[in-house]
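Engineer: Predicted model and sequence below, questions to follow.
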Amino acid sequence: MVKAGRNYVREHFRRQRLARKWVAVGQSQGGAAAISAARYAAALGGRGLDYRGAAATGVGGNFEPLYSLAGPNVPVPLPGTALAIGAYFFTSLDYVHPELGLDGILTPLGQLASERAKTECLTEFANSLEGVNGNFACSRPVASLPGWKETATE
């Protein structure tokens with residue numbers, strides 16, 4: 001984004017320039033993005049950029065114990081926000097670790113939630129899931145997937 005922004009300004013605003021110095025700042029999911037940007041900043045930035053650091057707040061973590069409960073017998077009702085965030089988590093995890101087989105245990109409604117998680121923002125998505133029973137998404141417990149605990153913890 002920093003390279004693209006600098007290139008855009010150089011091409012479209014002849015008298016203006018963006019600084020070479022930059023930082024990544026984010027909250028919650030944006031905090032996770034800032035951490036990821038920090039991890040690759042030096043390698044991907046090249047000599048044209050001067051990466052200074054990252055500030056990340058509200059970065060979620062330690063989700064494995066909670067999401068290990070997901071399955072057809074969810075023990076407690078969950079609010080729409082929790083269901084939407086769960087859909088983001090599982091969809092992202094499936095993208096990075098397809099060998100887990102998460103997509104293989106999704107019900108048709110779980111598959112729909114996964115597809116929606118790829119394109120929808122939290123508020124609209126979460127509101128549409130209010131009152132939906134949390135056990136709708138999986139045909140069997142996610143904890144039964146081989147390698148689940150290790151992969152989700154990582």
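Structural biologist: Thanks, I have it.
Engineer: which outside residues touch the helix-or-strand element of the chain with minimal mean pLDDT?
Structural biologist: Lowest mean confidence among the helices and strands of the chain (mean pLDDT, DSSP states H and E): helix 64-67, at a mean of 81. Contact with helix 64-67 is made by Gly86, Phe89, Phe90, Val142, Lys149, Ala152, Thr153, as judged by C-beta atoms under 8 Å, 6 or more residues apart in numbering. Any C-beta I mention is one placed from the backbone N, CA and C, and that applies to glycine too.
Engineer: What's the PyMOL line that selects buried ones from the residues you listed?
Structural biologist: Here is the PyMOL command that selects the buried residues among the contacts of helix 64-67 (16 or more other C-beta atoms under 10 Å):
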select buried, resi 86+89+90+142+152
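Engineer: ok, the contacts of helix 64-67 vs Gly26, which is closest?
Structural biologist: Phe89 (17.2 Å; C-beta to C-beta).
Engineer: so that closest one touches Asn62, yeah?
Structural biologist: No. Using C-beta atoms under 8 Å, Phe89 is not in contact with Asn62, being 12.0 Å away.
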